[in-house]
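Undergrad: what's the 3D shape of this:
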Amino acid sequence: MLERIKNFFTEVKTELKKVVFPSKEEVIGSTKVVVVMVLIVAVFFGFIYLLLSKLISIVVKYENLWQNYGT
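TA: Here you go, the predicted model:
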């Protein structure tokens, strides 16, 4: 059992040597892309939210007018 654990960590160490980590510039560039995309999506969903809110308020307003008109 102890030998299997030791072998596992030896293999992990070997595999980690094969990993190519991104440079600092690549990480900063990718982070900028993610931040910009998050902002674009947030503005898009905010616009959709406002549009749907206005639409629902108009529907509710006209529904109330029709209910009052019938009485």
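Undergrad: Do you have the helices of this protein handy? List them.
TA: Under the criterion DSSP state H, the chain contains helices at 2-18, 24-70.
Undergrad: Run through who's touching the first one.
TA: Where contact means Cβ atoms under 8 Å, 6 or more residues apart in numbering, no residue beyond helix 2-18 reaches it. Any C-beta I mention is one placed from the backbone N, CA and C, and that applies to glycine too.
Undergrad: Mean confidence (pLDDT) on it, please.
TA: Across helix 2-18, the average pLDDT comes to 96.
Undergrad: What of stretch 53-69?
TA: For stretch 53-69, mean pLDDT rounds to 81.
Undergrad: Distance from the chain centre to it, please.
TA: Centre-to-centre, stretch 53-69 and its host chain are 34 Å apart (Cα atoms, centre = their mean, to the nearest Å).
Undergrad: Kindly format the C-alpha coordinates of that stretch as PDB.
TA: Taking C-alpha atoms only, stretch 53-69 is exported to PDB below (Å, rounded to 0.1, in the frame of the first residue of the first chain):
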ATOM      1  CA  SER A  53     -39.000  44.800 -16.900                       C
ATOM      2  CA  LYS A  54     -40.400  47.600 -19.100                       C
ATOM      3  CA  LEU A  55     -42.400  45.100 -21.100                       C
ATOM      4  CA  ILE A  56     -43.900  43.400 -18.100                       C
ATOM      5  CA  SER A  57     -44.800  46.800 -16.500                       C
ATOM      6  CA  ILE A  58     -46.600  47.800 -19.700                       C
ATOM      7  CA  VAL A  59     -48.500  44.500 -19.800                       C
ATOM      8  CA  VAL A  60     -49.500  44.800 -16.200                       C
ATOM      9  CA  LYS A  61     -50.500  48.400 -16.700                       C
ATOM     10  CA  TYR A  62     -52.800  47.600 -19.700                       C
ATOM     11  CA  GLU A  63     -54.200  44.500 -17.800                       C
ATOM     12  CA  ASN A  64     -55.200  46.800 -15.000                       C
ATOM     13  CA  LEU A  65     -56.800  49.200 -17.500                       C
ATOM     14  CA  TRP A  66     -58.800  46.400 -19.100                       C
ATOM     15  CA  GLN A  67     -60.000  45.100 -15.700                       C
ATOM     16  CA  ASN A  68     -61.100  48.600 -14.700                       C
ATOM     17  CA  TYR A  69     -62.800  49.200 -18.100                       C
END
